[in-house]
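Sharing a model that was predicted from the sequence below.
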Amino acid sequence: MSRNAEVAAVLDEYADLMEAQGDDYRPNVYRRAADNVRDSPEAIEDLAAEGPEAVQSIEGVGEGIAEHVVDYVETGTFAELEEAREELPVEMDALTRVEGVGPKTVKKLHDALGVTTLDELERAAEDGEIREVEGFGAKTEENIREGVAFARQAGERDLLGKTRPLADDVTDHLADHDAVERVAVAGSIRRWRETNGDVDVLAASDAGAAVGDHLADWERAADVIETGETKTSVRVNGTRVDLRVVVPNEFGSALQYFTGSQSHNVALRNHAIAQGKKVNEYGVFDVDRSDVDDPDAGQRVGDLLAAETEEAVYDALGLPWIPPEIRENRGEIDAAREDALPDLLTEDDVRGDLHVHSDWSDGDYALAEMVEAAAEFGHDYVCITDHAEGPGVFGDSGLSDDDLREQADAIADVRADADIEVLHGVEANVDAEGTVGAVSDDALADLDLVIASPHSGLGDDGGDQTDRLVSAVEHPHVDILGHPSGRLINERPAMEFDAAELAAAAADAGTALEVNANVHRLDLWGSAVHAAVEAGAAIAIGTDAHSPEEYDHLTYGVHTARRGWAESGDVLNARDLDALRTGLD
Ligand code: DGT
Ligand code: CA
Ligand code: CA
Ligand code: ZN
């Protein structure tokens, strides 16, 4: 397997160490290089073997960084990194995972208190030592104490944005083998859960051992954890991949079982028992008419009713097939029994993207490029929503009233040449008081669409943030509440809020709640979307694209909305242009 992620992590560590020492410029250069190494389709060790010039073919990698990479690939380190580690001997990666703790904070706490690990940071916070350090207070100390617990869990589960493509690569690799009759992704990835403990893959074959070996022999499999007839586990890029191989005529029941969720399976089993049936990974069995106590029968007890396909498994239990996204034991079995399953949104239903950035704020591409890419993607319309000025991650790049007026003219020009409809919106900040700013109400009124998103004061005061979000959805010019919780998965916890109360307020105000499709956010998520759908609030799926390829994130947004039982009628951007405009008035 390639070592790109490992090399990128080392470049990031070195960037942090330089930043801790007060270097303001080079860290960003190294971080950009690290991102590009991570995303490069070429194996970094192959490039390094050719020498520094080959490494420099990766964008953003200059001569100096390329030499470090070559040294690192050959020897496991490079001289400057060792010096920097000696100067500040801390577990930088673990410590900076704590919300609000950056490299400079790490250095201050190291120099003042000798903190080098997450455990030591936690102890210092619990013992009240941090508040005594200059520049820190009791509140910061409390935030750090809370952040440590979150940082511990973070990193244990992988983002769907990493595991989903990996799972697809694994299934492609397995499908190449002649003895494989069927192959499918199972587990939490098939349910499109936003984080995953591992990659579960199921294959149908009569030659289990050969299929297991085929996975173990995959060039990207770094470690082989176990291998055998029915189960093989390997590690790819730090992620565990579990393969089960079953006989073809039990593929459906195995797929049902290994898709989960565990609580869905428990509920399904109880439903089966109530009918005198038994369901497990080997099939659905009628156990009324057979000797369930036969010790030789094992799990395959009674008359086999179904096993080959998932549809047949559910059908044998008197149920329609249930989409994996909603197999979370949130009422789907009752709904299936009553033939009242939702007709879930599909990607084809989505007509446009309502959350898109250009180089007018922090995007990297011109208006015309983003619009053309939206048309190529197949959208009927796109809404440009650059950041308004105000606090947030985008510094000084936000738009003022004047900028927005100027942008309106630029969009009119682009619209004239575009194949699709181009709407003009903005993404404004919602501050801790629920105020939408910093542009004026008049400027907001002139726009086609206004997204209000929390970017500042995210849970700083702790406690419930429902009021703040409700006042944003009640703002007369706000059409969409963007990434409502402000979470960054594994990095920053979601704000606390009452999903049902927010949903009711959004439904009353006619404001949509966003499913932000960025894989670091997926915000709102399944259960909160479900609350919105139940309350009759509209959902808006936005990719938050900052570049053309990010339009592809739509699929994550759609499947997340499906986890919340959303139908096309619930979704603002599943409407055609006329209906959308009516909704935005
Ligand atoms: P994850 O990996 O933590 O993201 O979540 P899952 O749902 O992929 O769980 P995993 O990988 O442990 O197992 C895959 C599926 O296999 C799980 O969703 C249901 C089924 N399964 C595994 N172990 C058990 C079990 O002990 N009882 C039941 N009922 N089902 C299980
Ligand atoms: Ca799993
Ligand atoms: Ca597993
Ligand atoms: Zn945005």
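Structure's in. What do you need? Numbers count the residues shown, from 1 in each chain. Ligands and ions are numbered 1, 2, ... in the order given.

wait, what's in contact with the nearest residue to A410 once chain neighbours are set aside?
Leaving aside its sequence neighbours, A410 sits nearest to L367 (Cβ to Cβ, 6 or more residues apart in numbering; 5.9 Å). To be clear about C-beta, it is placed using only N, CA and C from the backbone, and glycine gets the same treatment. Going by Cβ atoms under 8 Å, 6 or more residues apart in numbering, L367 touches S358, D359, W360, I384, Q407, A410, I411, V414.

Surely the second one touches I384?
No: D359 is beyond contact range of I384, at 10.9 Å (criterion: Cβ atoms under 8 Å).

So the two - more neighbours on which side?
When D359 and I384 are compared for neighbours, I384 comes out ahead with 30 against 15, by other Cβ atoms under 10 Å.

What strand or helix carries the more buried one?
strand 381-387 (DSSP states H and E).

Tell me which residues of that strand come out buried.
By 16 or more other Cβ atoms under 10 Å, the buried positions in strand 381-387 come out as Y381, V382, C383, I384, T385, D386, H387.

Tell me how many other residues surround V287.
Around V287 sit 17 other residues, with neighbours defined as other Cβ under 10 Å.

residues touching it, list them.
If you count contacts by Cβ under 8 Å, 6+ apart, V287 has them with G276, K277, K278, V301, G302.

Can you tell me the SS state at the fourth one?
What it means is V301. Here V301 is coil, with the state taken from DSSP: H, G, I helix; E, B strand; the rest coil.

Give me the pLDDT for the residue nearest to A410.
Looking at L367, its pLDDT reads 98.

And A566, by the same measure?
pLDDT, A566: 98.

what's the spacing between it and D349?
Distance of A566 to D349, given as Cβ to Cβ, to the nearest Å: 10 Å.

I'd like the distance between E491 and F150.
Separation of E491 from F150 (Cβ to Cβ): 9 Å.

intersection of neighbour lists for these two?
Residues touching both E491 and F150 (Cβ under 8 Å, 6+ apart) are E99.

can you pull out the helices in the stretch 151-300 of the chain?
In the stretch 151-300 of the chain, helices defined by DSSP state H, counting those that start in this stretch lie at 160-175, 187-190, 208-216, 251-259, 262-274, listed in chain order.

Ligand 3: which of those is closest?
helix 187-190 (5.5 Å; Cβ to the ion).

Can you name every helix or strand that the helix or strand harbouring E122 contacts?
In the assignment (DSSP H and E), E122 maps to helix 118-126. Here helix 118-126 is seen to pack against helix 92-96, helix 103-113, helix 138-153 when contacts are counted using 3 or more Cβ pairs under 8 Å, 6 or more residues apart in numbering; DSSP states H and E.

how near is the residue in the chain that ligand 2 sits nearest to to R164?
Nearest to ligand 2 in the chain, going by Cβ to the ion, is G187, at a distance of 3.2 Å. Distance, G187 to R164, by Cβ to Cβ: 11 Å.

next one: R581
Distance from R581 to R164, by Cβ to Cβ: 34 Å.

Neighbour count: the two, which is higher?
A count of neighbours by other Cβ under 10 Å puts R164 above the other of R581 and R164, at 21 against 15.

in terms of contact, does the more buried one touch R191 like I think?
No: checked against Cβ under 8 Å, the pair R164 and R191 is beyond contact range at 11.3 Å.

What parts of the stretch 201-350 of the chain come near ligand 3?
D242 (Cβ under 5 Å from the ion).

try it again with 8 Å
The stretch 201-350 of the chain comes close to ligand 3 at residues R240, D242, F258, as judged by Cβ under 8 Å from the ion.

report the longest strand in this structure, please.
The strand that spans the most residues within the chain, counting by DSSP state E, is strand 421-430.

relative to strand 381-387, how tilted is that strand?
Interaxial angle, strand 421-430 versus strand 381-387 (axes from the mean of the first three to the mean of the last three Cα atoms, to 10 degrees): 30 degrees.

partners of strand 421-430 in the sheet?
strand 381-387 (parallel), strand 436-437 (antiparallel), strand 449-454 (parallel) (DSSP bridges).

Average pLDDT for that strand, rounded please.
Strand 421-430 shows an average pLDDT of 95 in the prediction.

A312: which element?
Using DSSP H and E, A312 maps to helix 310-316.

mind showing which ranges of the protein have poor pLDDT?
Applying pLDDT under 70 to the chain flags residues 1-2, 154-155, 289-297, 391-396, 457, 459-462.

swap the cut-off to 80 and go again
The chain contains residues with pLDDT under 80 at 1-2, 39, 41, 150-156, 288-298, 390-397, 432-434, 437-438, 456-463, 585.

ok, the residue nearest the centre of it - contacts?
Among the residues of the chain, V519 comes closest to the average C-alpha position under Cα atoms, centre = their mean, at 2.7 Å. When contacts are counted by Cβ under 8 Å, 6+ apart, V519 touches L159, L160, G161, K162, E194, I489, H553, Y556.
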